[in-house]
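Participant: take this sequence and fold it.
(chains A and B)
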Amino acid sequence: MVTIAFLRNQLINRLAQLQNVFTSLWNLNFTKKRLALLALKIFPLFSHKIFIPIGFILIWECLIHILQLPNYILPTPFEVLQSLINHASLIALQTLPTLVEILLGLFLGIIFGVSIALCMCLFRTIHAFLLPLLLISQALPVFAIAPLLVLWFGYGITAKIITTTFMLFFPITSNFLDGLKQTPENYLNVAKIMNSSRWQILYQIRIPAGLPNLASGIRLATTMAPLGAIIGEWVGSNQGLGFLLLNANAQMQIDLMFAVLLVIFFIGILLYFLINTLLKLALPWTLLSSC
Amino acid sequence: MLKSPAVLVNNASLYYQDKVLFDQLNFHLAAGQTTCLLGSSGIGKSRFLHLIAGLNANSADVTTCDQKGLAGRLTYMPQTHTLLPWLTILDNVVLGYRLRRENKPYIQARELLHKLGLGEAIDKYPAQLSGGMQQRTALARVLLEKRPIVLMDEPFSALDSITRYYLQELTACALKNHTVLLVTHDPLEALRLGHHIAIMSGEPAKINYINCEFLDSPPRSLSNTELLQWQAKLLQHLQEA
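Facilitator: Predicted structure coming up:
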């Protein structure tokens, strides 16, 4: 209840501030007024991206004070930040292998996912042969396979990349295959009457028509990529953020754990943002309203 | 000058999920003229069109009067969703040349698009265009293929009446001297655009030409009272069918 009251106060304060801005606008000269208006227009576009994290941090801080949580259960945001700064070099050192695993895993996942989808779409026999294998591969939990991979490929980075790839290729294959199969009949008819060869139909009609589905597959895989790398590291490793996380947990360094979580969170967000932007640039027509 | 042959369809039979759509059907398209095919929905008009175009597995005996066959001499314009959303208007118009990996006639395509009032849309994507403009783009693509036989499957059904009226006029002028088969469910559209009108009816379906003689050639003006009388007669025909 206290937090709700607190948030309501925040809101009232913010509204009052806005009102102040409006009233003070009248006292500015013309160019300043326009600048201020522009700022007001731009501000709401970003406000939710600023206020949601700030609100989250405030709730976090409040919870600790209200519930009297000791800092070995839940450290305050400030302590986490302090730990992040204190352990900056350690965290940075451990981030590097994890980042490589994530990026390579994602890259290989996309390559494998796309190739498998294309093969399955092109050759019916391969489709019939691969489908049960794919389902089996997904029925086995990655957690169960990861120790085997460590056994076969060692403690190094290879096992983690394979784990990540193994996790990521399926959403890509499944989405892209759906897209390839759902090419509108009319497109194919028009292309056939235009005397197009089968390969040109695939290359110029079916693949582009399936790209928006591939993009959603890649987006999904991007959100899963850090998970794959961390799982790989948990099962057995001597480096990486997952390894650091386990170690910090074992040594009750809760603030370090939270700092690592924060880094993983930012890697995930940034990666998604990056991939999403690239996909939007690569597929400009998907941003338009559908026809 | 384009030489458009007459098209003869003999012994067309089509079965679809244990249903006989048509059996031993014979039909002909007059050379260089527009034939409008009317019929209630679900009767098999589109499938008949596919059959002529060779898109069906069990196809018919389709020949032309000059014995050269249909291969490479036919284009097809489905009702909607024919423009590829990932290509610009210009690239959509030259699609046939892209698919055949031939030299793309960009200059001609630009000229044609300007003529159809799409000059400003050349570099836009289909989703940025209105329905009428998309349809005009599809028309430009058909025209640029420069093929004498044109099959159209309800090309104006998704348009509002003003746009439709304008596009009917444009199409009729642009496709003069082509052998055209236009499938429609709108009797008035058939009366405006067709040199000949045929009705598809029955199960298995038969096609019968309507014996209507007009003095003027399409596109006919809607103010023609004869046209309205014919519309009533055609509607009656369709209801009886």
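
Participant: what values do phi and psi take at residue 52?
Facilitator: You didn't say which chain, so I picked chain A. phi -70, psi -50 (degrees, to the nearest 10).

Participant: roughly how far apart are it and A:Leu7?
Facilitator: 12 Å (C-beta to C-beta, to the nearest Å). Using the backbone N, CA and C atoms, a C-beta is placed for each residue, glycine as well.

Participant: spell out which parts of chain B neighbour chain A.
Facilitator: B:50, B:53-55, B:71-72, B:74-76, B:78, B:80-86, B:95-96, B:98-101, B:125-129, B:134, B:145 (C-beta under 8 Å from any C-beta of the partner chain).

Participant: hmm, 7 Å instead?
Facilitator: B:53, B:55, B:72, B:74-76, B:78, B:81-82, B:84-86, B:95-96, B:98-101, B:125-128, B:134 (C-beta under 7 Å from any C-beta of the partner chain).

Participant: now do the strands in chain B.
Facilitator: Applying DSSP state E to chain B gives strands spanning B:7-16, B:19-29, B:34-38, B:61-64, B:74-77, B:149-153, B:179-183, B:196-201, B:206-210.

Participant: pop out the phi and psi values for the residue in the stretch 101-250 of chain A positioned nearest to chain B.
Facilitator: Here the residue of the stretch 101-250 of chain A nearest chain B is A:Ser196; by C-beta to the nearest C-beta that distance is 3.6 Å. Dihedral pair for A:Ser196: phi -80, psi 150, per degrees, to the nearest 10.

Participant: distance check, A:Gly232 against A:Pro171.
Facilitator: Distance of A:Gly232 to A:Pro171, computed by C-beta to C-beta: 18 Å.

Participant: and the two? Which one has more around it.
Facilitator: A:Gly232 (29 against 21; other C-beta atoms under 10 Å in any protein chain shown).

Participant: so that one sits in a strand?
Facilitator: No: secondary structure of A:Gly232 (DSSP: H, G, I helix; E, B strand; the rest coil): helix, not part of a strand.

Participant: hang on, it packs against A:Thr163?
Facilitator: Yes: A:Gly232 lies in contact with A:Thr163 (C-beta atoms under 7 Å); the separation is 3.8 Å.

Participant: shared neighbours of the two, anything?
Facilitator: Residues within reach of A:Gly232 and of A:Thr163 at once, by C-beta atoms under 7 Å, 6 or more residues apart in numbering or on different chains, are A:Ala146.

Participant: picking up where we left off before, which one of A:Ile52 and A:Leu7 is surrounded by more residues?
Facilitator: For A:Ile52 versus A:Leu7, neighbours defined as other C-beta under 10 Å are more numerous around A:Leu7 (14 against 10).

Participant: which residue sits closest to that one in space, ignoring its chain neighbours?
Facilitator: A:Gly55 (7.0 Å; C-beta to C-beta, 6 or more residues apart in numbering or on different chains).

Participant: so for stretch B:174-181, what gets flagged as buried?
Facilitator: B:Ala174, B:Leu175, B:Lys176, B:His178, B:Thr179, B:Val180, B:Leu181 (16 or more other C-beta atoms under 10 Å in any protein chain shown).
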